[in-house]
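# coords please:
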Amino acid sequence: HTHTYIQPTSTSLSLSFLITDVGVNYLTFESLKDLVPHEPDTNAPNAVWTAVCGGVAGTSGQTVAFPFDVLRRRFQLKTPDGKRLYSGVWNAVSTIVREEGLRGLYAGYWVNFVKVVPTIMTMFWVNDMLKRELKRRQLL
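Next up is the predicted model:
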């Protein structure tokens, strides 16, 4: 009997990546902020610890979500005669792991890491510093 597979769209895989990445980023950042030393006068981590928490959060989010981005890129590829390379997500994952190992799900990770992690670290740092200043001025 034949199987009908629903091909994931680039949009659905992009959303999977984005939701996972952002969710892990925020969960990690907020959790780590509670664990690092706090300044007595603000009861918050200092700027350096805030940046460290942001960097670890960016690393965590990228590491967990990156395979979705690899799948999105792979589903955009076709054979020379125009056929899709994979019949579905599980077929893609199993084929990539079988042919390339787990490393295949992280192809291009380090290039992305160098670009994304400092950006996420800076984003969390700026956001946290702005929130503190707004609270200090009683505007938040």
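# Tell me who's in contact with Ser14.
Applying C-beta atoms under 8 Å, 6 or more residues apart in numbering, one finds that Ser14 lies in contact with 68-69, 72. Placement of C-beta: from N, CA and C, glycine included.
# Just the element for it, please.
Secondary structure here is read from DSSP states H and E; on that basis Ser14 sits in helix 10-35.
# cool, and Trp125?
Since the elements are taken from DSSP H and E, Trp125 ends up inside helix 109-136.
# Please name every helix or strand in contact with that helix.
When contacts are defined as 3 or more C-beta pairs under 8 Å, 6 or more residues apart in numbering; DSSP states H and E, helix 109-136 sits against helix 10-35, helix 47-75.
# in it, what counts as buried?
For helix 109-136, a neighbour-count test (16 or more other C-beta atoms under 10 Å) marks 109, 113, 116-117, 120-121, 124-125, 128 as buried.
# hang on, Phe29 packs against Gly61?
No. Counting by C-beta atoms under 8 Å, Phe29 sits too far from Gly61 to count as a contact (9.1 Å).
# Export the contacts of Ser14 as a markdown table, with columns for pLDDT.
Written out in a markdown table, the entries for the contacts of Ser14 read as follows (pLDDT from 0 to 100):
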| residue | pLDDT |
| --- | --- |
| Phe68 | 91 |
| Asp69 | 91 |
| Arg72 | 89 |
